[in-house]
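>>> Starting from these lines, generate the structure:
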Amino acid sequence: MKISENTSVSMPIRNMIGIVVAVAVGVWAYFGIVERLNKLETADTLFQADLLKKAEQEPKNLEMYMLIEHLAGQIESVEKEIEASRYNKVNIDHLKEQIISIQKVIDKLRNGSH
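Residues are numbered from 1 along each chain as shown. You can find the predicted model right below:
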C-alpha cells in the first residue's frame, strides 16, 4: 500500500459529521473538566490562605487576651486603692470632727480657768 499526497480517501458525509461532532464533544468535555479542576484548585488555595491567616492571628489574639487579663488585674488594684482612699476620707473627716470637738473642750477649759 502506497500513501502519498495524491492518495484519495472516500468517506460518507454522515461519518465525517459524526467524527466532527465526537471531536467537538470531546474538546468541550476536556475544557469543562479543566475548568472544574481550576475552580477546585483556586478554592483549595483560598482555603489554605484563610487557614494561614487564622493561624497567624491566633498568637496575636492570645497576646491580646493576655494583655486584657493584665490590665484587668491593674484595674482591680486601682479600684482597691480608690476604695481605701474613700475610707481614708471618711476616717479623716471623722478625725477632723473629733479634733474640732476636742479644740472646743480645750477652749472652754481655757476660758473657764481665766
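>>> which SS class is Asn6?
Look at Asn6: counting by DSSP: H, G, I helix; E, B strand; the rest coil, its state is coil.
>>> Enumerate every residue touching it.
Neighbour list for Asn6: empty [criterion: C-beta atoms under 8 Å, 6 or more residues apart in numbering]. (C-beta placed from N, C-alpha, C; glycine too.)
>>> Which pLDDT value goes with it?
Looking at Asn6, its pLDDT is 81.
>>> now it: how far from Glu79?
The spacing between Asn6 and Glu79, counted by C-beta to C-beta, to the nearest Å, is 104 Å.
>>> And for Gln103?
For Gln103 relative to Glu79 (C-beta to C-beta), the value is 36 Å.
>>> Repeat that for Ile92.
For Ile92, the distance to Glu79 - C-beta to C-beta - is 20 Å.
>>> what does Lys96 give?
If you go by C-beta to C-beta, the gap between Lys96 and Glu79 works out to 26 Å.
>>> for Phe31, same thing?
For Phe31, the distance to Glu79 - C-beta to C-beta - is 69 Å.
>>> same deal with Ile3?
In terms of C-beta to C-beta, Ile3 sits 100 Å off from Glu79.
>>> do the same with Phe47
46 Å.
>>> can you give me the strands in the chain?
Secondary structure of the chain (DSSP state E): no strands present.
>>> low-confidence ranges in it?
In the predicted model of the chain, residues 1, 55-59, 113-114 satisfy pLDDT under 70.
>>> quick one, helices of it?
13-113 (DSSP state H).
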